[in-house]
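# what follows is a predicted structure for the sequence shown.
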Amino acid sequence: MKKDFFELVYQVVRCIPKGRVTSYSAISEYLTGSKRSARMVGWAMNNSHNVHPYVPAHRVVNHQGLLTGFRHFATPTQMQELLEAEGIPIKDKQVQNFEKYFWHPNQLSE
DNA sequence: CCGTTGACTTCCT
DNA sequence: CAGGAAGCCAACG
């Protein structure tokens, strides 16, 4: 089975515990070792709509905790509502207590 | 193979 | 402090 960069991203994203969020840089750093390749993660997420099973892309935000990818969802509010539904407070596309909800691929939920 | 793009990040102005 | 440009890496055309 050929594991593309995309699939690796998908796996990591799917491993994000409910009620937690992570950043593109964290995933990129975990996969490539370079936080500079965060764009690759975002790109993978772009294809995530075509992937199965479902990839909780709404749990992936930028390093600020800002919902940058909200415009790629069905509706601009979908991402925020999904996160709020998971118990994550969002204010103006910004994750509140981001560092508190932040999750790292290497840091499995305790 | 080369050029462009992209849901990012960081430095510089 | 806010906005713009550069850097980064991988996929797509």
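All right, it came through fine. Numbering: from 1, shown residues only, chains lettered A, B, ... in the order given.

# give me the nearest residue to residue A:34, chain neighbours excluded.
Closest residue to residue A:34 apart from its sequence neighbours, by CB to CB, 6 or more residues apart in numbering: residue A:28 at 6.5 Å. For the C-beta atoms, the positions are set from N, CA and C on the backbone; glycine is no exception.

# buried residues in the helix or strand hosting that neighbour?
According to DSSP states H and E, residue A:28 maps onto helix A:24-31. Within helix A:24-31, the residues that count as buried by 16 or more other CB atoms under 10 Å are A:24, A:25, A:26, A:27, A:28, A:29, A:30, A:31.

# where does residue A:64 land in three-state SS?
Assigned by DSSP: H, G, I helix; E, B strand; the rest coil, the conformation of residue A:64 is coil.

# ok, it touching residue A:99?
No - contact criterion CB atoms under 8 Å: residue A:64 and residue A:99 do not qualify, at 10.8 Å.

# who's more crowded, these two?
Neighbour comparison, residue A:64 and residue A:99: the larger count goes to residue A:64, with 12 against 7 (by other CB atoms under 10 Å).

# residues contacting the most centrally placed residue in chain A?
Central residue of chain A (CA atoms, centre = their mean): residue A:60, 1.6 Å from the mean position. Residue A:60 sits next to A:13, A:16, A:21, A:22, A:23, A:24, A:27, A:41, A:45, A:69 when contact means CB atoms under 8 Å, 6 or more residues apart in numbering.
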